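**Q** Here is a sequence with its predicted model. Questions after.
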Amino acid sequence: MAYETIIVEIEDHVALVKLNRPDAMNALNLQVFEELGDFLSSAQTNDKVRCIVLTGTDKFFAAGADIKMMSEMSFVDVFTSDLFGEGGTAIQRNRKPMIAAVAGYALGGGCELAMMCDFIIAADNAKFGQPEINLGVIAGIGGTQRLTRLIGKSKAMDMNLTGRFMDAEEAERAGLVSRVVPCKKLMEEAMGAAAKIAEKSMISAMAVKESVNRAYETPLAEGLLYERRLFHSMFATDDQTEGMNAFLEKRQPQFRDR
Ligand code: CO8
């Protein structure tokens, strides 16, 4: 599939995916979700992709769902098309590690898309917000759910009820983002983190992702059991033997994803 709303570059086992609707501040429409979903589905079986970085420009990650598109839709249109439902599911199905590198605005669906990634690295000019209330609607793909789990009820209510923007420093303090770096260093930092992840055993990386995500879906006792069983299962892999032997032999491990 040829993409128009995203640009994909794959190098050294890292796929860099840039949102590409600059005239609308990367506002998200059905095509963006379809193309993202298509790329992520293909990435699952592409050995050249071991980690994915999703980004925008240095001024905006994405300023939300496309308001022009939505303004022309009725209840029946959004309900029957399950607006963004299918694309969102494809993003959720992605089992490879995915980092959001956010500079500038990440608003509404943009903030929600960043939260669908495994973690967010922010530039110091990043601004996060769920301003849907200003449009007479509410967040629809995670802004009241993922955001609440990430930053807690009080801040999530504040963001969703007032529609105010949170800067990068507050976002890091609140636990929405894992690191904040100067804007000029954002891509270096995100690509560096992705390169580090790409060096690991893909089996371990996928298991980490699955296990951490379980923490959101299950009670603690179930999550701990799930984690322990996954840990046990790692002992069936060559990469576990290699990783431990390499440590004991004081050398770098050569993982083979087996
Ligand atoms: N949709 C469409 N176009 C947009 C959007 C958007 N979300 N945001 C910006 N643009 C466009 C503007 O219309 C403008 O286009 P043009 O030049 O043709 O007039 C261009 O981008 C530049 O925007 P501004 O002139 O407004 O730039 P400023 O620097 O003055 O302001 C802001 C930047 C603060 C980002 C401002 O544009 C803004 O507030 N944008 C809207 C933010 C917003 O409300 N986002 C939430 C949208 S709703 C949503 O995301 C719901 C998601 C859930 C869907 C779930 C379905 C189930």
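**A** Good, I have the coordinates. Residues are numbered from 1 along each chain as shown.
**Q** is it true that residue 166 touches residue 159?
**A** Yes - counting by C-beta atoms under 8 Å, residue 166 touches residue 159, with 6.4 Å between them. From N, CA and C alone the C-beta is placed, and that goes for glycine too.
**Q** Overlap in contacts, these two.
**A** Listed as contacting both residue 166 and residue 159 by C-beta atoms under 8 Å, 6 or more residues apart in numbering are 128-129.
**Q** need the helices for the chain, in chain order.
**A** 30-43, 67-71, 75-81, 85-93, 109-116, 146-151, 153-162, 168-174, 186-199, 202-214, 220-234, 238-248 (DSSP state H).
**Q** quick one, the lowest-mean-pLDDT helix or strand in the chain and helix 30-43 angle?
**A** Least confident helix or strand, the chain: helix 85-93 with a mean of 83, by mean pLDDT, DSSP states H and E. Angle between the axes of helix 85-93 and helix 30-43 is 30 degrees (criterion: axes from the mean of the first three to the mean of the last three C-alpha atoms, to 10 degrees).
**Q** Break this structure down into its structural domains.
**A** According to the TED database, the chain is divided into the following domains: 6-198, 201-249.
**Q** Looking at those, which is nearest to the ligand?
**A** domain 6-198 (2.4 Å; C-beta to the nearest ligand atom).
**Q** ends of that closest one, how far apart?
**A** With C-alpha to C-alpha, to the nearest Å as the measure, the ends of domain 6-198 fall 22 Å from one another.
**Q** if we can go back for a sec, would you mind writing the CA trace of the least confident helix or strand of the chain as CSV?
**A** Extracted C-alpha coordinates of helix 85-93, given in CSV (Å, rounded to 0.1, in the frame of the first residue of the first chain):
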residue,chain,number,x,y,z
GLY,A,85,-12.2,1.9,16.0
GLU,A,86,-10.7,-0.4,13.4
GLY,A,87,-7.5,1.6,13.0
GLY,A,88,-7.1,1.9,16.8
THR,A,89,-7.5,-1.9,17.1
ALA,A,90,-4.7,-2.4,14.5
ILE,A,91,-2.4,-0.1,16.6
GLN,A,92,-3.3,-2.1,19.7
ARG,A,93,-2.6,-5.4,18.0
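**Q** ok, back up a step: which of the helices of the chain comes out lowest on mean pLDDT?
**A** Comparing mean pLDDT over these, the weakest stretch is helix 85-93, at a mean of 83.
**Q** thinking again about what came up before, nearest to residue 18, out of the helices of the chain?
**A** Among the helices of the chain, the nearest to residue 18 by C-beta to C-beta is helix 186-199 (10.0 Å).
**Q** And the closest one, how far out from the chain middle?
**A** 14 Å (C-alpha atoms, centre = their mean, to the nearest Å).
**Q** What lies in contact with that helix?
**A** 12-14, 16, 50-53, 55, 58, 97, 99, 101-103, 121-123, 179, 181, 205, 255.
**Q** if I look at the residue most central in space within the chain, how far off is residue 135?
**A** Centroid-nearest residue in the chain: residue 117, 1.1 Å away (criterion: C-alpha atoms, centre = their mean). From residue 117 across to residue 135, the span is 24 Å (C-beta to C-beta, to the nearest Å).
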